[in-house]
Every structure is written in structure tokens, then in C-alpha cells.
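Enquirer: Test case, fold it:
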Amino acid sequence: MMRVTLLLAVAFLLFWAHGGAEGRKVRRLDALEYTAVSCRAHSASLTDFGAVGDGKTSNTKAFQAAVDKLSQFAPDGGVQLYVPAGRWLTGSFSLVSHFTLYLHRDAVLLASQDMTEWPVLTPLPSYGRGRDAAAGRYQSLIFGTNLTDVIVTGDNGTIDGQGAFWWQKFHGGKLKYTRPYLIEFMYSDTIQISNLTLLNSPSWNVHPVYSSNILVQGITILAPVKSPNTDGINPDSCTNVRIEDCYIVSGDDCVAVKSGWDEYGIAFGMPTQQLVIRRLTCISPYSATIALGSEMSGGIRDVRAEDIVAINTESGIRIKTAIGRGAYVKDIYVKRMTMHTMKWAFKMDGDYKSHPDNNYDPNALPVIQNINYRDMVAENVSVAARFNGIAGDTFTGICIANVTLGMTAKHKKYPWTCADVQGMTSGVMPPPCDSLPDQGPEKIAACDFPADTLPIDEVKQKQCSNRMNSF
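Expert: Model (predicted):
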């Protein structure tokens, strides 16, 4: 009897250890470990709600059913929806507060090409119209509004927007509404988007708007360099944002800081401020590494960027504005930037022509001031800078120090062109234009970079470990 019992015990242990990948798989799914601003008390898998990861079956209803069911438990310690390995075709779905969406490393969310699976929203009030068409806009793939404490993360799982479908419609003028983004949160607070790969977005990739306390970390964004408007990360009328450790290949600006468009943005009046950008790598041959504007009519201030790498990119730092924008771009600080193969290192445009309509105020002039660039090197640059301010509205307080720009063999005869700008430089090569006079080596540390810490850098993350529950 004892021998039989022992054999059964051994058999059980062997079954547990070698009972197929299934036994090991269950244990892997049972405990997920990751870093987040909030951990969750309850967790379930997308497959609990009938989802099929074959890349063909629509899972829009399964995603929304999962969110709706889990929302019942959100007030009790928060909830997590786990997306296992597979190819999960889905249209747009909306998240709730105190919610984590977690993607396995082999999970791929595929954006549906069935346009009936994309609800239509009204235009953003600070824009007054859609970007692609005057009417509304398609809701983003992952969407939320008026939320608190939301996390979209994973073990470098993938969200594939299948953008070619949308790009073709855009180029053919066949869109009634503006293309969807991959991730958008509106009027929300405490958002984390991390450790994901975003592919081929129909348009912008990550768009927090009218929101605060946002972390975007460890994101890889990939799109063809000629794809239309595939901006990487666009904080828009947001406060307290941290973007770090991201790698972006894009058909548009890698990071575009925004705050509304002409009279609509002025009336809405919500700036983007207290923004930190660190350890960003960008490849975008037709756009900017970091763009400020052109939609900046709510104002942009206190942007701090450091340890930035730009490769084969049109411009390093670009400010875009125009008559009619109003508001301001001020207190901008960039240091330790490395650039390889650039058309322009620096660019400022006061004549960016895009307007939502003809009702903008021609007397609404933007204020561009206190712009600080320091400690930068570049190689293979065609034009050092093109700074075009606005006649009668000079861009002031431009400070550039300790910057060496290696020019291409066939660079422009005049590497700097400047109009309606004012400021100073120190230790800059090639020598800048007369309106940015060199103040000598004693001023090489003059360009400011704040020593204080912004509130977003005080946000602490936790090590989370979640176990699956069955719903």
C-alpha cells in the first residue's frame, strides 16, 4: 500500500513538472510581474470572455465585455486584463479607471479594417475640426475619457494599427472623418503607457489630451518613414508628463508637443507644461525629433529634454507657429543631444501655414521666448539652423551654447539663416548669424537648464505581481 501511494505521489510530481507545456503555461500565466504606478487586486485573461487569437476573428465585443465585467471590481483594488500570446483582431474599445491592460510578449493587437468597428467622436474642442476632414474623428484603438489610474503595458507586446488601409484612404481623399490613433486618453489623470511596440498606426500613435500625470516609458514605435502623420508621442494640453527610453521611427515628428489650434485653442486655453523627455532615439527623415507646435494656441512652457539621439532626421528641435496661433512657446530647455545626418539641426518657423479655417485672429501673435539649447554635437548636417520669426513679433531669448555641428561636404554656403530672432551664443560652431552674437567662452554655461525637479519625477513605481482569476 505504501509503495502504491509513493508511486502515485511520484506520478503526480512528474505530471506537474512534465505535464506538458500546459502545466508550465498555467504557472507562467498565473503570475505576471512588472513595474507600474499601481498594482491590481483582480486579474483575468481575455480568453475568459470568448476571444479568439487567430488574427481573423473580431474580438471587439470580447474586449469590451472584458472591460465592462472587470469594471465591477475596479473600485476594490483595481483590475487587470491579460492579453495572452496570439493575434487579436479588434476595433476600438474603451477602458475604465483603476485598470491595467497587459500584453504578453507574443500578443499582437491587430486594428480592424472594418470601419463599422470604429465609433465616431466629435472634433476636439481645442481644434474645432478634424485633422483629415472637417467632420469628427474615429475613436482611437485603445481609448478612455474622464479616467483615473490607467495602465497600458506588457512584456513588449505589440499593437499593430495596420495603417496601410487608412493611409490609402487618406491619400485618395476618401475619408469623411479623421483617422484613428492607436492610444488616446482624454480628460484623464495618472496614465502609464509602457513596454510596448506600436506598429503602423493609421495616424498619431500616442495622444494624451487634456490630461495630467502621464508616464510614457520603454515604447518602440515603428512606421514607414513616408507614412502620413504617423507622429510618435503627442502630449496635447497636458500637465506633468514624462517620456523616456523610447525608440521611434516615424513618418512625422517623433515627439510633437501641442495645445490646440488657432481660435479654438486660444478659447480652450489649456497649455502643455511641465514636460520631461529623456533618452529618446528618433529616425524621421522628413520631420523633427522634437516639435513644439504647430498647434500651440493654448501655450507650451517648461519643456525639459535631455540625452536625445537623432539619426537621419530632418530637424533636431523645431518650433512651428504662425500668425493667428496666439499664446506662447517659452521656457524650453534641451541639453546633451547627438545628431547624425540632418537637414537642419535647429529650425523655427513663424510662417507655418496650416489653419483650421479662415476665422483666426490676425492680431493673435505667438510669444516665443527663453529657448535654451546646450551641450550638443552633430555630424553630416546640411544646414545648421533656419530661424524665421514673425515681422513685428521677434522671437527672443534664444540661447545656444557648447554646440558643435559638423557640416556635410556640400553644405549650404550660409549654414545659419536668421530673421526676426534675438539671442546669444557661446562656443557654437559653425559661427551663428549676427542676431545671435557669440558672447565668449565665459558664457558657455549661460543657457539655462533647471536644477529643480518636476512633480512627474516624484512619481514612484511599484513591483507588481498579479495572479489570474476566472470570470
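
Enquirer: list the contacts for residue 436?
Expert: Contacts for residue 436 (Cβ atoms under 8 Å, 6 or more residues apart in numbering) come out as 398, 400, 416, 418, 421, 422, 423, 424, 425, 428. All C-beta spots, glycine's among them, are computed from the backbone N, C-alpha and C.

Enquirer: Spatially, what comes nearest to the fourth one if we skip its sequence neighbours?
Expert: In space, residue 418 comes closest to residue 433 once its chain neighbours are excluded; the distance is 3.8 Å by Cβ to Cβ, 6 or more residues apart in numbering.

Enquirer: go on, the third one?
Expert: Here the nearest residue to residue 416 in space, its sequence neighbours aside, is residue 433; by Cβ to Cβ, 6+ apart that works out to 4.3 Å.

Enquirer: With residue 262 instead?
Expert: Of all residues not flanking residue 262 in the chain, residue 360 sits nearest, at 4.1 Å (Cβ to Cβ, 6+ apart).

Enquirer: Would you mind giving the secondary structure of residue 62?
Expert: helix (DSSP: H, G, I helix; E, B strand; the rest coil).

Enquirer: can you give me the helices in the stretch 1-150 of the chain?
Expert: 2-18, 20-30, 60-70 (DSSP state H, counting those that start in this stretch).

Enquirer: Compare the mean pLDDT across those helices and name the weakest.
Expert: With a mean of 33, helix 2-18 has the lowest mean pLDDT of the helices of the stretch 1-150 of the chain.

Enquirer: picking up where we left off before, contacting residues for the residue nearest to residue 262?
Expert: By Cβ under 8 Å, 6+ apart, the contact list for residue 360 reads 262, 263, 323, 324, 325.

Enquirer: Any chance of those residues in a markdown table with pLDDT, secondary structure and neighbour count as columns?
Expert: Below are the contacts of residue 360 laid out as a markdown table (pLDDT from 0 to 100; DSSP: H, G, I helix; E, B strand; the rest coil; neighbours: other Cβ atoms under 10 Å):
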| residue | pLDDT | secondary structure | neighbour count |
| --- | --- | --- | --- |
| 262 | 98 | helix | 28 |
| 263 | 98 | helix | 20 |
| 323 | 98 | coil | 22 |
| 324 | 98 | coil | 22 |
| 325 | 98 | coil | 32 |
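
Enquirer: Residue 359 and residue 281, how far apart?
Expert: Noted for residue 359: a distance of 40 Å to residue 281, by Cβ to Cβ, to the nearest Å.

Enquirer: more neighbours, the two?
Expert: Comparing residue 359 with residue 281 by other Cβ atoms under 10 Å, the one with more neighbours is residue 281, at 18 against 11.

Enquirer: What pLDDT is listed against the more buried one?
Expert: According to the per-residue confidence, residue 281 scores 98 in pLDDT.

Enquirer: For residue 216, pull up the helix or strand it's in.
Expert: strand 212-222 (DSSP states H and E).

Enquirer: what is the mean pLDDT for that strand?
Expert: 98.

Enquirer: helices or strands next to that strand in the packing?
Expert: Using 3 or more Cβ pairs under 8 Å, 6 or more residues apart in numbering; DSSP states H and E, the elements in contact with strand 212-222 are strand 189-199, strand 206-209, strand 239-249.

Enquirer: just these: most buried one?
Expert: strand 206-209 (a mean of 26; mean count of other Cβ atoms under 10 Å).

Enquirer: Can you give the contact residues for that one?
Expert: Strand 206-209 has contacts (Cβ under 8 Å, 6+ apart) with 124, 140, 181-186, 188, 191, 193, 198, 214, 216, 219, 221, 232-238, 241.

Enquirer: I'd like the distance from that strand to the chain centre, please.
Expert: Distance of strand 206-209 from its chain centroid, counting by Cα atoms, centre = their mean, to the nearest Å, is 7 Å.

Enquirer: Could you give the average pLDDT over that strand?
Expert: Throughout strand 206-209, pLDDT has a mean value of 99.

Enquirer: cool, and stretch 148-164?
Expert: Stretch 148-164 carries an average pLDDT of 98.

Enquirer: Buried residues in that stretch, which are they?
Expert: By 16 or more other Cβ atoms under 10 Å, the buried positions in stretch 148-164 come out as 149-154, 156-163.

Enquirer: any chance of those residues in CSV, plus secondary structure?
Expert: Below are the buried residues of stretch 148-164 laid out as CSV (three-state DSSP):
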residue, secondary structure
149, strand
150, strand
151, strand
152, strand
153, strand
154, strand
156, coil
157, strand
158, strand
159, strand
160, strand
161, coil
162, coil
163, coil
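
Enquirer: With distance to residue 309 as extra columns, can I get those in a markdown table?
Expert: Listed next are the buried residues of stretch 148-164 as a markdown table, based on distance: Cβ to Cβ, whole Å:
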| residue | distance to residue 309 |
| --- | --- |
| 149 | 32 |
| 150 | 30 |
| 151 | 27 |
| 152 | 25 |
| 153 | 24 |
| 154 | 24 |
| 156 | 20 |
| 157 | 25 |
| 158 | 23 |
| 159 | 24 |
| 160 | 25 |
| 161 | 25 |
| 162 | 29 |
| 163 | 25 |
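
Enquirer: If you drop the residues flanking it in sequence, what lies closest to residue 124?
Expert: Leaving out its chain neighbours, the residue that sits closest to residue 124 by Cβ to Cβ, 6+ apart is residue 209, at 6.6 Å.

Enquirer: Return the distance of that neighbour relative to residue 317.
Expert: Distance from residue 209 to residue 317, by Cβ to Cβ: 22 Å.

Enquirer: same check, this time on residue 43
Expert: Residue 43 is 42 Å from residue 317, where distance means Cβ to Cβ.

Enquirer: And residue 229, by the same measure?
Expert: Plainly put, residue 229 is 20 Å away from residue 317 if you go by Cβ to Cβ.

Enquirer: hmm, back to that, check the contacts of residue 360 and tell me the two furthest apart.
Expert: Farthest pair in the contacts of residue 360 (Cβ to Cβ) is 263 and 323. Separation: 12.3 Å.

Enquirer: Residues that sit against both of the two, list them.
Expert: 360, 364.
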